[in-house]
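J.: Sequence first, then the predicted structure, then my questions.
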Amino acid sequence: MNVRARQDAIVRTLRRTATATVAELAAEVGVSRRTVLRDIGALRDQGFVIHSEPGPGGGVQLDPRSVQGAAQLTVAEVFALVISVTSARMSKRFPFSALADSGLAKIERELPPAKVKDLRALLECLHVGRLSPRQNIADMGAMDPALLPAFETAFLQRRLMRFRYRDAKGAQTSREIEPQAMLILPPLWYLVAWDPRRSDFRHFRMDRIGGPEVVPDASFRRRRVPFDDDVCPFGDAAS
């Protein structure tokens, strides 16, 4: 668990419990008491109001009205918000799209310039379309939460991705690909990648991907994704 994820976990724990000891927080996030104390100090610097009572019966408390002084969103989190808003708009059931766009614009203005650059690079690889009415989505499952952060790292650093893939018949294979784009056809999401073994593009349904990881020291070049030729894959495009 990285520092950001650990501190988020501490805040969530404090929000759902009236009081927690440092030892309990350390056990919750799997680090030492010293590390938890450093994290609490960092959270206070970010604007959270955290009280501590020493001795028996004491512990750490988060003021329920406490919020961060500044937005600390990651690029992947903002990217996920953009995707969610765009997908909802495509479904024509999103009456407050103007307010959502305004909110996202405010979030972007709060991001450091380097993060804005990364976000725009990710948005360049995003394409949203409409799903074919013939596509069967009865077997649609949940997506691995590690997939979007892995894609962000692999795409921005141009690193290969490795994962397990389950096809329409349930057969599993191991894949190592070059992530090139993301295709959203609500409610299905596809990872569009160049498959070196097949020397061609493949569309991988993201709810069928498991155990995604970035391959270190294995780079690739960006390619033009032929969305004009095949924007809406039908069937099991990655088989």
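T.: Received, thanks. The shown structure was predicted, so the numbers you read here are calculated from the model rather than taken from an experiment. Numbers count the residues shown, from 1 in each chain.
J.: next helix or strand past the lengthiest helix in the chain?
T.: Counting by DSSP state H, the longest helix found in the chain is helix 75-90. Later in the chain than helix 75-90, the nearest helix or strand by DSSP states H and E is helix 97-110.
J.: how distant is that next one from the center of its chain?
T.: 18 Å (C-alpha atoms, centre = their mean, to the nearest Å).
J.: Can you list the helices and strands that it packs against?
T.: Here helix 97-110 touches helix 75-90, going by 3 or more C-beta pairs under 8 Å, 6 or more residues apart in numbering; DSSP states H and E. C-beta coordinates here come from the backbone N, C-alpha and C atoms, glycine included.
J.: tell me which residues in the helix it packs on are buried?
T.: Of all the residues in helix 75-90, those buried under the rule 16 or more other C-beta atoms under 10 Å are 75, 76, 78, 79, 82, 83, 85, 86, 87, 88, 89, 90.
J.: Please apply the same query to stretch 154-168.
T.: Per 16+ other C-beta under 10 Å, stretch 154-168 contains these buried residues: 154, 155, 159, 160, 161, 162, 163, 165, 166.
J.: so of those residues, which ones are in strands?
T.: Those of the buried residues of stretch 154-168 mapping onto strands are 159, 160, 161, 162, 163, 165, 166, per DSSP state E.
J.: What's the separation between the fourth one and residue 182?
T.: Taking C-beta to C-beta, to the nearest Å as the measure, residue 162 and residue 182 are separated by 17 Å.
J.: Now the two most distant members of the buried residues of helix 75-90.
T.: 75 and 90 (22.3 Å; C-beta to C-beta).
J.: now the most centrally placed residue in the chain, nearest residue through space, not along the chain?
T.: Nearest to the geometric centre of the chain sits residue 148, at 3.8 Å (C-alpha atoms, centre = their mean). Nearest residue to residue 148 in three dimensions, chain neighbours excluded: residue 76, at 5.3 Å (C-beta to C-beta, 6 or more residues apart in numbering).
J.: Now do the contacts for that neighbour.
T.: By C-beta atoms under 8 Å, 6 or more residues apart in numbering, the contact set of residue 76 is 148, 149, 152.
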